[in-house]
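Asker: starting from these lines, generate the structure:
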Amino acid sequence: MKRFLTLCCAALLLTGCAASESAAPESVTEIPETLTVEAEEGFDQAYADCLRDYFAAIGSADYEAYKKTVYPAYLECYAKYLATENETAESAFDSLCHRFDEDGYESWRLTTLTVGDCANSNIDNFFETYRKWGFIDDAFVTAAKADAQEIRHVQFSLYALYAGDEEPVCVARGVETLMLRNADGIYVIG
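Answerer: Sure, this is the predicted structure:
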């Protein structure tokens with residue numbers, strides 16, 4: 001089970017916010033080339049763009065693009081954890097890229113990402129969960145908070161269209177993650 005608690009899969013296990021009510025597009029006849037983002041009103045577009053890039057990297061299995069969207073200190077800390085599990089960050093990413101594979105389908109494409117702030121935001125509880133799993137330690141939390149201009153607790157839902165299907169299906173609903181803005185940019189923690 002721990003193998004699947006990869007960079008994003010850990011976030012997929014967290015609960016606490018109500019699921020997003022946004023629906024996937026009514027009908028899609030061909031798999032779109034880009035990931036559409038639907039952000040709740042007032043949600044900072046720069047955070048939405050970072051999440052779009054994060055999932056676009058997963059959808060295209062582009063590890064280098066993915067690394068640009070993940071908070072570097074988190075990726076370093078998480079890689080140390082993975083080493084104790086005889087795994088690398090790149091192999092965990094590869095597993096994540098196949099997270100949505102389904103038997104009988106040749107391919108899939110992420111189509112729609114809905115995103116907004118988590119209604120029951122509790123950043124410390126999120127960090128505590130990651131500490132319990134062994135992904136981070138107290139030093140990471142202290143350093144991340146000191147480095148951050150802002151840390152946001154966000155919620156997203158994600159839709160994928162499988163080859164041969166006419167409509168996307170929800171593959172992640174109401175999932176929580178943290179995002180951090182510092183002097184260098186905006187990143188996903190997880």
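
Asker: against Ala79, how distant is Glu85?
Answerer: Separation of Glu85 from Ala79 (C-beta to C-beta, to the nearest Å): 11 Å. Heads up, the C-betas are built off the backbone N, CA and C, glycines and all.

Asker: next helix or strand past the longest helix seen in the chain?
Answerer: Identified as the longest helix of the chain according to DSSP state H is helix 45-59. Counting by DSSP states H and E, the next helix or strand C-terminal to helix 45-59 is helix 63-67.

Asker: buried set for that following helix?
Answerer: Applying a neighbour-count criterion of 16 or more other C-beta atoms under 10 Å, the buried positions in helix 63-67 are Tyr66.

Asker: go on, stretch 67-80?
Answerer: Residues of stretch 67-80 classed as buried: Thr69, Val70, Tyr71, Ala73, Tyr74, Leu75, Cys77, Tyr78 (neighbour count, 16+ other C-beta under 10 Å).

Asker: quick check: closest non-adjacent residue to the first one.
Answerer: The shortest distance from Thr69 to any residue that is not its chain neighbour, by C-beta to C-beta, 6 or more residues apart in numbering, is 4.1 Å, and that residue is Tyr54.

Asker: what confidence value was assigned to the one you found?
Answerer: According to the prediction, Tyr54 has pLDDT 95.

Asker: in contact with it: list those residues for me.
Answerer: Each residue near Tyr54 by C-beta atoms under 8 Å, 6 or more residues apart in numbering is listed here: Cys8, Tyr66, Thr69, Val70, Val188.

Asker: how about a cut-off of 7 Å?
Answerer: By C-beta atoms under 7 Å, 6 or more residues apart in numbering, Tyr54 lies in contact with Tyr66, Thr69, Val188.

Asker: for it, give its distance to Glu85.
Answerer: With distances taken as C-beta to C-beta, Tyr54 is found 22 Å from Glu85.

Asker: do Glu167 as well
Answerer: Relative to Glu85, Glu167 is positioned 37 Å away (C-beta to C-beta).

Asker: which two in the buried residues of stretch 67-80 are spaced the farthest apart?
Answerer: Spatially, the most separated pair among those is Thr69 and Cys77, at 16.1 Å (C-beta to C-beta).

Asker: so Phe127: helix, strand or coil?
Answerer: For Phe127, the assignment made with DSSP: H, G, I helix; E, B strand; the rest coil gives helix.

Asker: touching, it and Val141? I think so.
Answerer: Yes. Using C-beta atoms under 7 Å, Phe127 is in contact with Val141, at 4.9 Å.

Asker: those two: which has the busier surroundings?
Answerer: Remark: of Phe127 and Val141, Phe127 carries more neighbours, 20 against 17, as counted by other C-beta atoms under 10 Å.
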